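Q: model this:
(chains A and B)
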Amino acid sequence: MFEAPLGFFVGFYEVLRSEYALHLCVLLGIYLILAQSFNLVFGVGGLFNLAHVATYAIGAYTTALLSTELNVGVFQCLLASALLSGLLALIIGAISLRLATDYFAIGSLAFSAVVSALLINWRSLTRGVLGIPGIPRPEWGGIDFNGVQNFLYFVIVVTLLCLGAMWILFRSSFARSLKAAAQSDVAAQSLGRDVARLRIWAFFISSAFAGIAGGLFAYYLNYIDPSSFSLTEMVLVLTIVVVGRPGSFWGVAAATLLLVVLLPEGLRFLPLEPSVLGPLRQFLHALLLFIVVYMNRARLFPVERMV
Amino acid sequence: MSIEKEAAAFLEVKHLAFSIRGAPILNGISFAVKAGETVGIIGPNGSGKTTLFNCLSGFNRVPTGVLFFRGEDIGPLGPSQRALKGVGRVFQNPGIFREMTLLENMITALEGRQPLLSTFFPWSSTHAANRTEALRYLGEVGLEGKANQKASSLSGGQMRLLEITRTLAFGADLFLLDEPTAGVSPKMKEEVAHLVQQLRTLGKTVLVIEHDIQFIQRFCDRILVLDVGQVVMDGDPKSVRENPRLQEIYFGGQTGAAGQAN
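A: Predicted structure coming up:
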């Protein structure tokens, strides 16, 4: 009598335990950090930073190079990834944050193009399009994170730490100041906020988290090349945050689950050729982005920008 | 004696000149405001009223002239530094944080002078105290019931009330109110006037730009009339209103033209 549902649950459990499900969980963790950190700078701070994936790339390459070339330990690698990505953000910020809203987006896009070009052409360091293979899975205190399951535990711990820190950050007075500055630059200054400094800090913190996500990504795939950090990736991150409602912590978390796991996996069940599925997924992302932007156009593109 | 000297130097503007792309907007304005005074600023469109406020609050970099606030030269300071010194700006286009609730708007103001670490964590005691304080401020202007609504849901007049109260909560001593009753319903206009009078009883110094001289003469000690970037009249409301030059400035060159306009 109980055999049929039991069989279902056993099957479900088997799927959950399968390597593939673990793979999805790891990916979800990495994208949660990446999307939530973009949510901080774009959703809360209102800064249309199109260089976010570029800082993610810097994080990935930092961990990849340090662990392959210099055998640096896992925590030092992730810390270096965070700091170097943050540093890049400071350079981008110092130059582009002087630009007003829309021009800032263009400035950050230019920087992201520069980073892409560097990854491809600085061959002596990055091996160009060949990428960096053989990135070892981390090891710490006798625990080997080589297996997917052990690595998943590692990702879960890092993800929870990062998301916990960002959850507090989203509710902090820092986020309130940032939000205020996004809605009325001049009013925030009239309440004593140094808006430029506030934004530089937001930019630094957000990019540092993106750097950690990049480090995890490099560890997980054991191999990275410039194609993982293209503009398409930036569009995916942007879609996640816009669909989840910019500034909303849980909304963006849910959107990450939807767009990184549920939507692509759901499509797999359709009787379609793989050559059709890929473009279809991108088409659905674009459609979803369009619908959400259209529904929220008044809020996403405020009309008033005056003194 | 010393108190009087300090009072005289609360805000001192000397030979303030400002131009935008070579076109002069302010032509060497000079005036002084005593602590606790409420001063109305009137003048035709383009006479430099808002530009003057932008110069005072630091949004316009001042090329020439001297600005003393409480005896200190604030000319080199940026807008946020001047705000921390006590210069409070209330904008013509309401500078409220529209997508934040009224409560968040107020808390943001209260946090402005508190050390970051004391307010950073959502569970900090300072944050809890700020919530109570924010509600008290909202209660004083009758907006307590809307504390958890988004500020964008307010009417124009309520937005003005919120912004002035927010500036008060931040701890401003000098209020620069740029047309606080423009586009506000007559009933709300009274409430705004009431709030401005309250600022006065709290000992705050207020500069208010307003077109309606009948309206501001009720609560202003003094009225400055600006024309082509200069102070052309400075006196008590009655003498300014009765001065025939006022008609001239508002309604064009000749008195004949002014007569027609009336």
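
Q: residues from the stretch 51-200 of chain B in reach of chain A?
A: B:54, B:57-59, B:78-80, B:83-84, B:88-89, B:91, B:93, B:95-100, B:104, B:107-109, B:111-114, B:116, B:119-122, B:127, B:163, B:166-167, B:170 (CB under 8 Å from any CB of the partner chain). (Glycine included, C-beta is placed from N, CA and C.)

Q: Poorly predicted segments of the stretch 151-262 of chain B, please.
A: Along the stretch 151-262 of chain B, segments meeting pLDDT under 70 span B:251-262.

Q: hmm, try it at 50
A: Applying pLDDT under 50 to the stretch 151-262 of chain B picks out residues B:254-262.

Q: Of all residues in it, which one is closest to chain A?
A: Nearest residue of the stretch 151-262 of chain B to chain A (CB to the nearest CB) works out as residue B:170 at 5.1 Å.

Q: just chain B next, same as before
A: Per CB to the nearest CB, residue B:95 is where chain B lies closest to chain A, at 3.2 Å.

Q: Is stretch A:166-173 in proximity to chain B?
A: Yes: counting by CB under 8 Å from any CB, chain B is contacted by stretch A:166-173 at A:168, A:171-173.

Q: just to revisit the earlier point, hang on, the residue of chain B closest to chain A in a strand?
A: No: with DSSP: H, G, I helix; E, B strand; the rest coil as the criterion, residue B:95 is coil rather than part of a strand.

Q: can you give me the helices for chain B?
A: Remark: helices assigned in chain B by DSSP state H are B:2-8, B:49-57, B:79-85, B:102-111, B:116-120, B:125-140, B:156-170, B:186-201, B:213-216, B:237-242, B:244-251, B:255-261.

Q: now, of those, which is deepest in the fold?
A: Most buried of the helices of chain B, by mean neighbour count (mean count of other CB atoms under 10 Å in any protein chain shown): helix B:102-111, with a mean of 25.

Q: State the mean pLDDT of the lengthiest helix in chain A.
A: Once chain A is assigned using DSSP H, the helix that runs over the most residues is helix A:195-221. The pLDDT scores in helix A:195-221 average 92.

Q: And stretch A:259-271, by the same measure?
A: Stretch A:259-271 comes out at a mean pLDDT of 79.

Q: what sits against residue A:135?
A: Counting by CB atoms under 8 Å, 6 or more residues apart in numbering or on different chains, residue A:135 makes contact with A:63-64, A:67-68, A:218-219, A:221-224.

Q: again with residue B:202
A: Residue B:202 is in contact with residue B:168, counting by CB under 8 Å, 6+ apart.

Q: what's residue B:137 in contact with, if anything?
A: Neighbours of residue B:137 in contact, by CB under 8 Å, 6+ apart: B:106, B:165, B:168-169.

Q: ditto for residue A:75
A: Neighbouring residues of residue A:75 by CB under 8 Å, 6+ apart: residue A:140.

Q: tell me how far stretch A:116-132 is from the chain's mean position?
A: Here the centre of stretch A:116-132 is set off from its chain's centre by 21 Å, with CA atoms, centre = their mean, to the nearest Å.

Q: swap in stretch B:45-54?
A: On CA atoms, centre = their mean, the centre of stretch B:45-54 falls 12 Å from the chain's centre.

Q: pLDDT averaged over it, what's the number?
A: Regarding stretch B:45-54, the rounded mean pLDDT is 86.

Q: Residue 147 - how many residues pack around it?
A: As the question left the chain open, I've gone with chain A. When neighbours are defined as other CB atoms under 10 Å in any protein chain shown, residue A:147 has 12 of them.

Q: Chain B, not that one
A: For residue B:147, using other CB under 10 Å, the count is 17.

Q: what's the closest non-adjacent residue to it?
A: Closest residue in space to residue B:147, ignoring its immediate chain neighbours: residue B:103 at 4.5 Å, by CB to CB, 6 or more residues apart in numbering or on different chains.

Q: Hmm, the one you found is touching residue B:135, no?
A: Yes: in this structure residue B:103 lies within contact range of residue B:135 using CB atoms under 8 Å: 7.1 Å.

Q: Now list whatever residues contact both of those two.
A: residue B:147.

Q: related to what we said a few turns ago, residue contacts, the residue of chain B closest to chain A?
A: Counting by CB under 8 Å, 6+ apart, residue B:95 touches A:184, A:186-187, A:190, B:89, B:163.

Q: related to what we said a few turns ago, okay, the helices of chain B in CSV with distance to residue A:127 next?
A: Formatted as CSV, these follow (distance: least, CB to CB, whole Å):
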stretch, distance to residue A:127
helix B:2-8, 70
helix B:49-57, 54
helix B:79-85, 47
helix B:102-111, 49
helix B:116-120, 43
helix B:125-140, 50
helix B:156-170, 55
helix B:186-201, 67
helix B:213-216, 72
helix B:237-242, 78
helix B:244-251, 74
helix B:255-261, 79
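
Q: how about those, which one is nearest residue A:203?
A: For the helices of chain B, proximity to residue A:203 was assessed by CB to CB; helix B:116-120 is nearest, at 17.2 Å.

Q: so what secondary structure elements neighbour that closest one?
A: Other helices and strands packing on helix B:116-120, by 3 or more CB pairs under 8 Å, 6 or more residues apart in numbering or on different chains; DSSP states H and E, are helix A:173-183, helix B:125-140.

Q: change it to 6 Å
A: Contacts defined by 3 or more CB pairs under 6 Å, 6 or more residues apart in numbering or on different chains; DSSP states H and E place helix B:116-120 against helix B:125-140.
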